[in-house]
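1. Please find the sequence and the predicted model below.
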Amino acid sequence: METTIEKLTSKDFASDQEVRWCPGCGDYSILKQVQTVLPDLGRPKEEFVFISGIGCSSRFPYYMDTFGMHSIHGRATAIATGLKATRPELSVWIITGDGDSMSIGGNHFIHMLRRNPDVNVLLFNNQIYGLTKGQYSPTSEQGKVTKSTPMGSVDYPFNPIALALGADATFVARTLDRDPKHQQAVIKRGYEHKGTSMVEIYQNCNVFNDGAFEVYTEKGSKKENILLMENGKPLIFGANDDKGIMLDGFKPIIVNLADVSANDLWIHDETDLVKATILSRFYDDPTHPDHKPRPFGVFYVNSNKNTFDELFNNQMDAAMAKGLGDLDKLIAGNETWVVN
Amino acid sequence: MSSSVDKELESVVIRFAGDSGDGMQLTGTQFTNAAALFGNDLATFPDFPAEIRAPIGTLAGVSGFQIHFGSTKINTPGDMSDVLVVMNVAALKANLKGLVKGGVIIANSDGFDSKNMRLANVPEDQNPLTDGSLAEYDLKVIDVTKITRAALADSGLGTKEIDRCKNMFVLGLIYWMYHRSMDSSIEFIKSKFKKNEAVMTANLKVLQAGWSYGETTEMFANRYTVAPAKMNAGVYRSIMGNQAAALGLVSASVKSGLPLFYGTYPITPASDILHELSRHKNFNIKTFQAEDEIAAICSSIGASFGGNLAITGSSGPGIALKGEAIGLATMLELPLVIVNVQRAGPSTGLPTKTEQADLMQAYFGRNGECPVVIVAAQSPVDCFNMAYEACRIALEHMIPVFFLSDGYIANGSEPWLFPQTKDLQDIKVEFAPERGNNDDKFMPYLRDEKLSRPWALPGTKGLEHRIGGLEKQNVTGNISYDPNNHEQMVLLRQEKVDRVADYIPLQTMDNGPETGDLLILGWGGTYGALKTATAILRGEGLNVSHAHLRYINPFPKNLGEILKGFKTVVVPELNNGQLVKIIRDKYFIDAIPYNKIQGLPFMSTEVVNKIKEILA
């Protein structure tokens, strides 16, 4: 039977709880974009579940008027996997940060990606520990001076996109807090993907790591430093859209469009894992003179892989096809004897 | 025809011991099945090394299986064995001290050659089969290897495959000695090797050869009969503790009408629960082997949030990793069963050996004030009952419940007068109903008379709510940093556990009156040994009673009353004194600890001696 779903608005998804992120935090934008996207998905509110770990970003579920769980550090992925396995009809979202998913929850993160449950991950990457007041994170750049690293951190950072691809993720994308439209589009695509969608969102922590991504957000620099990927379109960037990327074998090179026709550029193909892997390695320090632009958009989509919840429940359906087993028979087992 | 004379015995303890690869566990379980089907009461004790294939021939590689069967009530696998079957010199060396003086030794002489002597660190000139050191025992030396090879000379099998049949010779011989039908083993061999006829035929042939050996040689002066036990009338089966626990969980799932989700990570000695459950998907049993212990419990919390009967299972080291998530489940006030099949610790400890040293971990092993309900099984069969109870309490009280088992009862087996499922206590589960736009706002932490909150499933209209690990306001469930609210919530969570006492049975005496000179207060897998010890002590006219706890947090409401009725309370435990501390703290009595921490169960004689010493 077809049931009519009342048209929801972004307000319907806002809970009655006061939002307590610091003023100016990038999290506000992400909350707003999610609340904007959800009413367009045509699902009743009670079908959405937001599960988070620990960190500033993980307060997110409290502000959504959906089902939600603010769990423990790094484990939202595991909780979501158990919920999705048992309740595959729900729309399950994971809200996590760079410390939550890349550090304490790294193990669950890669294992969830390899299993591919149909859940949506929003990874708020601010390259800092905010809630604990400013220590370097696993995505902080090497040499970062923080409260815990007064002489600079010696750790090399994780590259979340490359890590996700390495773990066989089936949907990998990057967006940023300061571009609402791009964010909404990417989040929506992630929702529509059947399988785990991993969306990394560059999110500014204006208190402990202000300006970490300003080269990608500020007018003067962003066009030189951002590579907006669109499926089937050539990879073009630059202040005047005057540069492009070509592949020389497996080696990406930056070319000037004055010298090369746009038709000869690298045409983005979301289904090409090898090329997605090369793009994921566009991860240079933007102050480096030869740096490549940082890609945003969808790196990779694999729609051909069964989801974990499908495979898990297919087995259940096959086993249950003949109805529920006979419990008395099971308890009695194969060999019994009678005492009179 | 053999000239042996039949003798009737009340009970016998046989220990099969050999190299890890000698098939002693299989031999033991086969004999166990035959004894059970014959109608004996019995108890078993598999005792094996942690290594899958420890170095051949060494002491470290010795694997043993002890069975105690009889025509009377059997409570333990026996303190000492009457018959010791040894496949090599290492097995003899490791097990001789556990054989009664004058007991029978059946030794495979091939396992006493110079190579085996060297591997077992026995000097060449001290071969126990020939140096007279076993004069006090009834020694039967048989070259099992040689006979097996001779029997299978034309089988077409290689020497390695032939030698693997040695254990069947021993089994056949023991069947002959105790007048047992070999039918169940014949059926077993036929079904196990149905795809490999040569191996099937070989095993059957050697099994028969063992029987015939007893029949035709003059080696055995006696054969023995052990009559069926006088047990309560009904239909029985044989069951191991882990298997019983799994069936208890399945039963709770069926009786509550909820699908079961078991999130777990492989760990000795709990993995068999996963193996058993994973075979029963047709009972709506979902099993999930997670990437680690933390994911195992967290996936279960997710499944519980979604409305499943959620269970996670592990042993001590895994439980340590689950601690934070148990705290979360306590804050979320969702039903969750945590199975701990205890093993000797700390850290990796002795993975295949038993201990009861995780009681404090269950009681207190989390940050903050984090009480949980704790139940413990006392025998292999009781694993069914208490696993079921753990589920019932978790579901009906919306609370995490620990189910404690241990390696000894998990791997031990005994006959089970199994219940009909219609006789199992009902498990009532209600989910919060959907709400319309005009209804009041849903209050996720509004409590009922048990102090439990509504189970509000995602997908239910009008119940959208958020839960989490942060302290929350009572009733609304909103985050609250209010000092008084926090204190109230801590006390409510404690009171919620305490109130479970209104929904569990009162403590009963296992043996002896409710008042007297001395109470033996036990818990968990020590039950059989304490029961036997109490019977011996009372048989000698001592005023000793035994009560055994299965509900440990909260305790049954009348426990304090019982404790006050005795001049002395002794708490025997396989740890360094854990329950005794709780009893002393809660009831202000000078309970006496009695502890054994060797990775082994109590022997009832040890307990008898200790109690006599205390009473003296």
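-> Structure received. Residues are numbered from 1 along each chain as shown, chains lettered A, B, ... in the order given.
2. So for stretch B:68-83, what gets flagged as buried?
-> B:68-71, B:74-83 (16 or more other CB atoms under 10 Å in any protein chain shown). In this view, the C-beta of every residue, glycine as well, is placed from N, C-alpha and C.
3. nearest to chain A, of these?
-> B:Ser71 (12.2 Å; CB to the nearest CB).
4. Not counting residues beside it along the chain, what's closest to that closest one?
-> Spatial nearest neighbour of B:Ser71, chain neighbours left out: B:Ala227 (4.1 Å); criterion: CB to CB, 6 or more residues apart in numbering or on different chains.
5. doesn't B:Glu8 make contact with the one you found?
-> Yes - if you go by CB atoms under 8 Å, B:Ala227 and B:Glu8 touch, sitting 7.0 Å apart.
6. returning to that earlier point: among the buried residues of stretch B:68-83, name the ones in strands.
-> Using DSSP state E, the members of the buried residues of stretch B:68-83 that fall in strands are B:His68, B:Phe69, B:Gly70, B:Ser81, B:Asp82, B:Val83.
7. how about CSV for those, with distance to chain A and pLDDT added?
-> Putting those into CSV (distance: CB to the nearest CB, whole Å; pLDDT from 0 to 100) gives the following:
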residue, distance to chain A, pLDDT
B:His68, 18, 97
B:Phe69, 14, 97
B:Gly70, 14, 96
B:Ser81, 25, 97
B:Asp82, 24, 97
B:Val83, 24, 97
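8. which among those gets closest to B:Arg180?
-> When these are ranked by distance to B:Arg180 (CB to CB), B:Phe69 comes first, at 9.9 Å.
9. Please tell me I have it right and that closest one contacts B:Leu9.
-> No - contact criterion CB under 8 Å: B:Phe69 and B:Leu9 do not qualify, at 9.8 Å.
10. list residues touching both of those two?
-> B:Val226 (CB atoms under 8 Å, 6 or more residues apart in numbering or on different chains).
11. residues contacting A:Lys84?
-> A:Leu90, A:Val92, A:Pro117, A:Asp118, A:Val119, A:Phe308, A:Asp309, B:Gly302 are the contacts of A:Lys84 under CB under 8 Å, 6+ apart.
12. Where does the nearest residue to the fifth one once chain neighbours are set aside fall, secondary structure wise?
-> Spelled out, that is A:Val119. Using CB to CB, 6+ apart and skipping the chain neighbours, the partner closest in space to A:Val119 is A:Val92 (4.4 Å). Secondary structure from DSSP states H and E places A:Val92 in strand A:91-97.
13. For the stretch 101-250 of chain A, just list every one of the helices.
-> Assigned helices in the stretch 101-250 of chain A, in chain order: A:106-115, A:160-166, A:180-192, A:214-217, A:219-225 (criterion: DSSP state H, counting those that start in this stretch).
14. could the ones you listed be laid out in CSV, adding mean neighbour count and mean pLDDT?
-> As requested, these are arranged in CSV below (neighbours: other CB atoms under 10 Å in any protein chain shown; pLDDT from 0 to 100):
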stretch, mean neighbour count, mean pLDDT
helix A:106-115, 22, 98
helix A:160-166, 22, 98
helix A:180-192, 19, 98
helix A:214-217, 18, 96
helix A:219-225, 15, 94
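15. The strand holding A:Val92 pairs with which strands, and in what direction?
-> Its sheet considered, strand A:91-97 pairs with strand A:48-52 (parallel), strand A:119-125 (parallel) by DSSP bridges.
16. and the helix or strand where B:His548 lies, what does it pack onto?
-> In the assignment (DSSP H and E), B:His548 maps to strand B:544-549. Helices and strands touching strand B:544-549, by 3 or more CB pairs under 8 Å, 6 or more residues apart in numbering or on different chains; DSSP states H and E, are strand B:516-523, helix B:527-539.
17. Using CSV, write out every CA atom in the last one.
-> I take that to be helix B:527-539. C-alpha atoms of helix B:527-539 as CSV (Å, rounded to 0.1, in the frame of the first residue of the first chain):
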residue,chain,number,x,y,z
TYR,B,527,29.1,-26.6,42.4
GLY,B,528,29.8,-30.3,41.8
ALA,B,529,32.9,-30.5,44.0
LEU,B,530,31.2,-28.6,46.8
LYS,B,531,28.1,-30.8,46.6
THR,B,532,30.2,-33.9,46.8
ALA,B,533,32.3,-32.6,49.7
THR,B,534,29.2,-31.5,51.6
ALA,B,535,27.7,-35.0,51.2
ILE,B,536,30.9,-36.6,52.5
LEU,B,537,31.1,-34.2,55.5
ARG,B,538,27.4,-34.7,56.4
GLY,B,539,27.9,-38.4,56.0
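18. neighbours around residue 199, how many?
-> Unless you meant another one, I'm taking chain A. 24 (other CB atoms under 10 Å in any protein chain shown).
19. wrong one, chain B
-> 18.
20. Give me the neighbour count for the residue nearest to it when sequence neighbours are not counted.
-> Take B:Val199 and drop its neighbours on the chain: the residue closest to it by CB to CB, 6+ apart is B:Phe193, 4.7 Å away. Residues within reach of B:Phe193, counting by other CB under 10 Å, total 16.
21. any idea how far B:Phe193 is from B:Leu157?
-> 12 Å (CB to CB, to the nearest Å).
22. How about B:Pro128?
-> From B:Pro128 to B:Leu157 the distance is 31 Å (CB to CB).
23. Show me what the helix or strand following the strand holding A:Val92 is packed against.
-> Sequence order places helix A:98-99 as the next helix or strand after strand A:91-97, per DSSP H and E. Helices and strands touching helix A:98-99, as assessed by 3+ CB pairs under 8 Å, 6+ apart, comprise strand A:119-125.
24. what's across from the residue in the stretch 401-550 of chain B positioned nearest to chain A in the sheet?
-> Proximity of the stretch 401-550 of chain B to chain A (CB to the nearest CB) peaks at B:Gly468, 3.0 Å away. Beta bridges link B:Gly468 to A:His70, judged by DSSP bridges.
25. neighbours of it, just the number please.
-> Counted with other CB under 10 Å, B:Gly468 comes out at 23.
26. Who are the contact partners of it?
-> A:Pro61, A:Tyr62, A:Gly68, A:Met69, A:His70, A:Ser71, B:Met331, B:Leu332, B:Ile479.
27. okay, the residues you listed in JSON lines with pLDDT and neighbour count next?
-> Conversion of the contacts of B:Gly468 to JSON lines gives the following (pLDDT from 0 to 100; neighbours: other CB atoms under 10 Å in any protein chain shown):
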{"residue": "A:Pro61", "pLDDT": "97", "neighbour count": "24"}
{"residue": "A:Tyr62", "pLDDT": "96", "neighbour count": "21"}
{"residue": "A:Gly68", "pLDDT": "98", "neighbour count": "25"}
{"residue": "A:Met69", "pLDDT": "98", "neighbour count": "28"}
{"residue": "A:His70", "pLDDT": "98", "neighbour count": "25"}
{"residue": "A:Ser71", "pLDDT": "98", "neighbour count": "32"}
{"residue": "B:Met331", "pLDDT": "98", "neighbour count": "20"}
{"residue": "B:Leu332", "pLDDT": "98", "neighbour count": "25"}
{"residue": "B:Ile479", "pLDDT": "95", "neighbour count": "16"}
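28. helix/strand/coil for the residue lying closest to B:Ile319 once chain neighbours are set aside?
-> Excluding its sequence neighbours, the residue lying closest to B:Ile319 (CB to CB, 6+ apart) is B:Asn340, at 5.1 Å. Using DSSP: H, G, I helix; E, B strand; the rest coil, the structure places B:Asn340 in strand.
29. again, but for B:Thr145
-> helix.
30. shouldn't it be in contact with B:Asp110?
-> Yes - B:Thr145 lies in contact with B:Asp110 (CB under 8 Å); the separation is 3.6 Å.
31. Contact residues of the stretch 101-250 of chain B facing chain A?
-> Selection of the stretch 101-250 of chain B residues close to chain A by CB under 8 Å from any CB of the partner chain yields B:184, B:228, B:231-239, B:247, B:250.
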